[in-house]
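Undergrad: from the sequence below, what's the structure:
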Amino acid sequence: MKPIAVVQGVVMPGKRIGRTLGVPTANLPFPADRPQNGVYVARVLLPDDNNRAEEAVLSQGYHPTVPEGAPTVEVFLLNRQENLYDRPITVEYLHYIRPEIKFESREAMRQQMLRDIQFSRDWFRDQATGIE
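TA: Numbers count the residues shown, from 1 in each chain. Below is the predicted model of the structure:
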């Protein structure tokens, strides 16, 4: 499948909010050349690990529920947790899920994140079985 967009960067520390919600993310600087802000199904390639590919979900933008700090690309690996700080990664945007949303609470945001994760898992499963 051809990506919608591809960004590369070195994982940097973020606000560490995803970690407190049980959804730790790897953060990249906001790319100048990027698709529209929102949530996407993604694939992360780890060049320092023979381009190992990991299924992921990403959120790109200004993160209006917790707006402190600069806009970023935040990526959550679906099938493993590992420390990616200071590692170069390549992120392929595969499927647009939804726009950014300002949530009423962090818990409402966490619940939507869990739905986005499940959507992404289902999307990868459907791609593997040839379902559109």
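
Undergrad: verify the contact between residue 81 and residue 24 for me.
TA: Yes: judged on C-beta atoms under 8 Å, residue 81 makes contact with residue 24 at a distance of 6.3 Å. C-beta coordinates here come from the backbone N, C-alpha and C atoms, glycine included.

Undergrad: the two - which one has more neighbours?
TA: residue 24 (18 against 9; other C-beta atoms under 10 Å).

Undergrad: which helix or which strand is home to the closest residue to residue 113 other than its chain neighbours?
TA: Ranked by C-beta to C-beta, 6 or more residues apart in numbering and with sequence neighbours excluded, the top spatial neighbour of residue 113 is residue 23, at 5.2 Å. For residue 23, there is no host helix or strand (DSSP states H and E).

Undergrad: tell me, how many residues neighbour residue 23?
TA: Look at residue 23: counted by other C-beta under 10 Å, it has 18 neighbours.

Undergrad: buried ones in the top helix by length along the chain?
TA: Using DSSP state H to define each element, the chain has its longest helix at helix 106-129. For helix 106-129, the neighbour count (16 or more other C-beta atoms under 10 Å) marks 109-110, 113, 116, 119-120, 123-124 as buried.

Undergrad: do stretch 46-53 as well
TA: residue 46.

Undergrad: overlap of the contact sets of residue 81 and residue 24?
TA: When contacts are counted by C-beta atoms under 8 Å, 6 or more residues apart in numbering, the set common to residue 81 and residue 24 is empty.

Undergrad: residue contacts, residue 119?
TA: Taking C-beta under 8 Å, 6+ apart, we find residue 119 in contact with 41, 57, 97.
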